[in-house]
Structures are given as structure tokens and as C-alpha cells.
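Trainee: Quick one, fold the following:
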Amino acid sequence: MMESADKTTITYRIKQVREALCLTQVKFSRVISLSSGYLAGVEVGKRKVNERVVKLICASFSVNEKWLKSGEGEMFGQGHNEYTKLVSLYKELNLQFREYILKQIELLLDIQDKNPSDLCNIIEG
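Mentor: Below is the predicted model:
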């Protein structure tokens, strides 16, 4: 039996988080700056989970670190409500509008990466 089938492991809980957020391995791994292959290895118990990965998951998705490490408490911590609301609103959009929203987010990320002050001008604008 693979380690990930054991519901007491951190690898299983990482998969639970990803599935609760309705994210593919590719999208989840992109957010936390891992390769999707590494994440797949984590989820099946072939790769170790280090402290850096734990911190990235918790910070990126408002996951309760104690829950992720031990299974104690709630899966998500404070700040998750905003993310959950965003995801649920996004799911209500038809495909055409979803694609538009994703393109806008990508454009904002490009602007932010190139010149953060440009982003302020657009938001205040």
C-alpha cells in the first residue's frame, strides 16, 4: 500500500487541500513554486515534505499548519474565507468570463512583476 493512502500522513493531507481547493496538481504546484512532478511524488508518498513546502502551502492557501502537520484542528485557518469566496464566485461564471478573469489576473501579475508602481496607478486610477 502506498503511503498516501494512509489518511494520517502529511502527503495525504496535502492532496486533501489540493482537492478541497479544486486545483489540479499543475495549478497547485505553480502557486507554491514546485514542479508538478515533485508534487505528484509527494502525493503518492515517494517524495519527502520539507518545512519549506509546509510553509508555502500554509501561506499560499491559508492552511492551518498544525492540521497539515498532524491532522489536528481545522484544515483552513484565518484568511481562507476570502479565497473560498473568490473560488465560489469564479465557479459561478460561465466559461467565457472565467477565461477573461484569468487573462486579467495574468496581466496584473505581469505588471506587478515588471513595475509594482504601475499596479498602484491602475488600481487608483
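Trainee: where does the protein dip in pLDDT?
Mentor: 1-5, 79, 115-125 (pLDDT under 70).
Trainee: Kindly report the domain assignment for this structure.
Mentor: Using automatic domain parsing, the domain ranges for the chain come out as 3-70, 80-124.
Trainee: Could you save those as a markdown table and add columns showing mean neighbour count?
Mentor: No exception for glycine: its C-beta is placed from N, CA and C like everyone else's. Listed next are the domains of the chain as a markdown table, based on neighbours: other C-beta atoms under 10 Å:
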| stretch | mean neighbour count |
| --- | --- |
| domain 3-70 | 16 |
| domain 80-124 | 11 |
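Trainee: Show me what the helix or strand hosting Leu107 is packed up against.
Mentor: With elements taken from DSSP states H and E, the one containing Leu107 is helix 95-114. Packing partners of helix 95-114 (3 or more C-beta pairs under 8 Å, 6 or more residues apart in numbering; DSSP states H and E): helix 116-124.
Trainee: And the helix holding Leu107, how far out from the chain middle?
Mentor: 17 Å (C-alpha atoms, centre = their mean, to the nearest Å).
Trainee: next one: stretch 41-53
Mentor: 15 Å.
Trainee: One more: stretch 90-108?
Mentor: Taking mean C-alpha positions (C-alpha atoms, centre = their mean), stretch 90-108 and its chain are 17 Å apart.
Trainee: hey, where'd the helices end up in this protein?
Mentor: 10-20, 25-31, 36-43, 51-61, 65-70, 80-92, 95-114, 116-124 (DSSP state H).
Trainee: which residues are in contact with stretch 6-19?
Mentor: Applying C-beta atoms under 8 Å, 6 or more residues apart in numbering, the contact partners of stretch 6-19 are 3-5, 25, 28, 39, 42-45, 49, 54, 57, 61, 63, 67-69, 71, 75.
Trainee: ditto for stretch 56-68
Mentor: Identification of contacts with stretch 56-68 by C-beta under 8 Å, 6+ apart yields 10, 13-14, 17, 21, 31-34, 54-55, 72-80, 83.
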